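*Asks:* Need a 3D model of the sequence below.
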Amino acid sequence: MTDTDVHLVEVAPEHLEVLYEQQLDPEATRMAAFPSRDRDAFMAHWAKIIANPTGTARAILVDGRVAGNVVAFAAGGETLVGYWLGREFWGQGIATRALAAFLPLVPARPLLAHVAKHNVGSIRVLEKCGFTIVREERVTDGGEGIEELVMELAH
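*Replies:* Below you'll find the model as predicted:
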């Protein structure tokens, strides 16, 4: 871990351009096993996230710069958490600190996270924040399947 200054703030329109650019990174989309969106689809998606009264979304700021985001939302009777960090911020403990700061904002438990099985860094972030593996799934989206872990924070 570094002594980098990490803050969470409500996602605002001025954060979206950086978040859009981050999700275009081919290495990040490979690690997340989640495809990037074109600008219109990305902006529409984030408009829904910001307007969702049952969700919680925060931008991760590092030394005043947008480093990524962390979100929680209800889906299918479960509360899910997800996060994205721009590649230049990987490997510095930022995702762990951001998720740890975010979790008290979401009182629902259990809290679930889906993570690509090959994304060792993200699995480690979740483990450091108290999540444990509860099952493995194979997700197919019209192409080859993706092996993912479902991790849970019970308390």
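*Asks:* Spell out for me which residue occupies the centre of the chain.
*Replies:* Y83 (1.0 Å; Cα atoms, centre = their mean).
*Asks:* Need the nearest residue in space to it, chain neighbours excluded.
*Replies:* Spatial nearest neighbour of Y83, excluding adjacent residues (Cβ to Cβ, 6 or more residues apart in numbering): V70 at 4.1 Å. C-beta here means a position set from N, CA and C on the backbone, and glycine is covered the same way.
*Asks:* host element of the one you found?
*Replies:* Using DSSP states H and E, V70 falls within strand 65-75.
*Asks:* pLDDT of that strand, averaged?
*Replies:* Per-residue pLDDT over strand 65-75 has a mean of 95.
*Asks:* Could you list the residues in contact with it?
*Replies:* Contacts to strand 65-75, defined as Cβ atoms under 8 Å, 6 or more residues apart in numbering, come from residues 6, 8, 11, 15, 18-19, 22, 49, 52, 54-61, 79-86, 89, 94-95, 98-99, 102, 105-106, 108, 111.
*Asks:* repeat that for 7 Å
*Replies:* 11, 15, 18-19, 22, 49, 52, 54-61, 79-86, 89, 94, 98-99, 102, 106, 111 (Cβ atoms under 7 Å, 6 or more residues apart in numbering).
*Asks:* Could you list the paired strands of it along with their orientation?
*Replies:* Sheet pairing of strand 65-75 (DSSP bridges) gives strand 56-62 (antiparallel), strand 78-85 (antiparallel).
*Asks:* returning to what we had before: spit out the contact partners of the residue nearest to the centre of the chain.
*Replies:* Y83 neighbours (Cβ under 7 Å, 6+ apart): G68, N69, V70, A95, A98, L99.
*Asks:* next one: I49
*Replies:* I49 touches G55, A57, V71, counting by Cβ under 7 Å, 6+ apart.
*Asks:* Let me know the closest of these to E148.
*Replies:* V71 (17.3 Å; Cβ to Cβ).
*Asks:* That closest one bridge partners, please.
*Replies:* Applying DSSP bridges, one finds that V71 bridges with A57, G82.
*Asks:* Would you mind measuring from it to K48?
*Replies:* Going from V71 to K48 by Cβ to Cβ, to the nearest Å gives 11 Å.
*Asks:* more crowded one of these two?
*Replies:* The neighbour comparison of V71 against K48 (other Cβ atoms under 10 Å) goes to V71, with 19 against 10.
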